[in-house]
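K.L.:
Coordinates for the following, if possible.
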Amino acid sequence: MKLLVLLLLPCLSLSEVVKGFGECRKFFLKNKPPEFTPQWVTTVQEICQCIRDNNKQPHNLYATLYNTDWRIPIYSAYKFKKSIDVGRCDPWYIEPQLELDDAKAEACMACKQGGKDLDYQAMNSDYIGSDQFGIGYHKGHLYPVKHTDNRLSMEATSTLTNAAPQDKRFNQGKWRVHEGKVIEDLKACDRNVEAYVVTGVVPVDKNLPKLKDRVTVSKYYWRAFCCLLKNSKKRYIGQGYFGPNQTYEVETLSITALQTRLAEDYGVNKIVIFPGLSAPPPQPPTPPPNHKIPQEVEDPSTDDDCN
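P.N.:
All right, here's what the predicted structure looks like:
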């Protein structure tokens, strides 16, 4: 299996490994993944995320650009339809084909077998004792459980290629609230058409720090969505978010402002999150006074095998 060596930006998750995103290009607006002009020399893998159902049939559910040097995703892209509480479990799969240069290797996510360390992706053990920097880190989902509407999609988010180290206080608090707020913001979209969402991370520094000297810690998470405005004639809208900011909050901003910030922090010339459009989409209209703001709640996640 060949990995892609790029002068770098975005990436994410678990699934079928193909030459390019393959069938998972459908998870990008107009089948076009984010564009950027990278500078950091690093190795990434485009992943078409796949999980098998009880009949062993594969299902492609989202796309990820994964950095095998940093062992974290750069971004994950998915379509948002609706949010349904389908329960939760966290089996934390790995991607066999990232490790094996073998066409016969399992093409979809699977449980890690044996005690051997993985060379090109993170492991559960990397997060054990993650308070080494004075902060405990959770495995932060890029494609979150809260944005799924069926059990297969829920389970498919729980792959170590769809997660990066996230301060556990931020993960359980402000970012979790943000995931619910995005659902509210998406109510401005045409319900008959799916919304496109991209979520990524920006490392603290390409040289600092790493969990167990293996997994790069992120400076902040970011998210952007684009969709057709409700009751409009093919008018696109979009919203950007990043956090934590300097006050440890999730900040809402335009797609243009988010792209500028990402380009500055990655040290690149330009980033276009939704290149399928001729210009960045404008922000949604101001929400009505009864716009619901989700409250912080305890995360019910588990690390069981989901049987």
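K.L.:
For the protein, which segments count as helices?
P.N.:
151-156, 168-172, 174-185, 255-266 (DSSP state H).
K.L.:
Tabulate the ones you listed (a markdown table), appending distance to Phe21, mean neighbour count and mean pLDDT.
P.N.:
Heads up, the C-betas are built off the backbone N, CA and C, glycines and all. Below are these laid out as a markdown table (distance: least, C-beta to C-beta, whole Å; neighbours: other C-beta atoms under 10 Å; pLDDT from 0 to 100):
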| stretch | distance to Phe21 | mean neighbour count | mean pLDDT |
| --- | --- | --- | --- |
| helix 151-156 | 16 | 21 | 92 |
| helix 168-172 | 27 | 18 | 91 |
| helix 174-185 | 23 | 19 | 95 |
| helix 255-266 | 20 | 18 | 94 |
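K.L.:
Pipe the ones you listed into CSV and attach distance to Pro34 per row.
P.N.:
Below are these laid out as CSV (distance: least, C-beta to C-beta, whole Å):
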stretch, distance to Pro34
helix 151-156, 21
helix 168-172, 24
helix 174-185, 18
helix 255-266, 9
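K.L.:
closest one to Cys48 among the ones you listed?
P.N.:
helix 151-156 (11.5 Å; C-beta to C-beta).
K.L.:
Can you tell me what sits against that closest one?
P.N.:
14-15, 49-51, 53, 59, 61-62, 86-89, 91, 109, 143, 145, 148, 162, 306 (C-beta atoms under 8 Å, 6 or more residues apart in numbering).
K.L.:
Pull the number of nearby residues for the closest residue to Ala195 other than its chain neighbours.
P.N.:
Spatial nearest neighbour of Ala195, excluding adjacent residues (C-beta to C-beta, 6 or more residues apart in numbering): Cys227 at 3.7 Å. For Cys227, the count of nearby residues is 25 (other C-beta atoms under 10 Å).
K.L.:
re earlier: mark which of the contacts of helix 151-156 are buried, thanks.
P.N.:
Buried members of those, scored by 16 or more other C-beta atoms under 10 Å, are 14-15, 49-51, 59, 61-62, 88-89, 91, 109, 143, 145, 148, 162, 306.
K.L.:
where in this structure is pLDDT low?
P.N.:
1-20, 37-40, 101-105, 113-115, 132-134, 205-208, 287-307 (pLDDT under 70).
K.L.:
redo that, cut-off 50
P.N.:
1-19, 288-302, 304-305, 307 (pLDDT under 50).
K.L.:
Which members of the contacts of helix 151-156 are positioned in strands?
P.N.:
Counting by DSSP state E, the members of those that fall within strands are 49-51, 59, 61-62.
K.L.:
Return the residues in contact with the residue nearest to Val272 when sequence neighbours are not counted.
P.N.:
Excluding the flanking residues, the one nearest Val272 by C-beta to C-beta, 6+ apart is Glu35, at 4.4 Å. Applying C-beta under 8 Å, 6+ apart to Glu35 gives the contacts 270-272, 275.
K.L.:
Serialize the residues you listed to JSON lines and add fields for distance to Lys174 and neighbour count.
P.N.:
Converted to JSON lines, the contacts of Glu35 look like this (distance: C-beta to C-beta, whole Å; neighbours: other C-beta atoms under 10 Å):
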{"residue": "Lys270", "distance to Lys174": "29", "neighbour count": "11"}
{"residue": "Ile271", "distance to Lys174": "24", "neighbour count": "23"}
{"residue": "Val272", "distance to Lys174": "27", "neighbour count": "18"}
{"residue": "Pro275", "distance to Lys174": "30", "neighbour count": "15"}
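K.L.:
Which one of those residues is nearest to Asp119?
P.N.:
The nearest member of the contacts of Glu35 to Asp119, counting by C-beta to C-beta, is Ile271 at 28.8 Å.
K.L.:
Tell me which residues touch the closest one, please.
P.N.:
Shown in contact with Ile271 (C-beta under 8 Å, 6+ apart): 9, 34-36, 259, 262-263.
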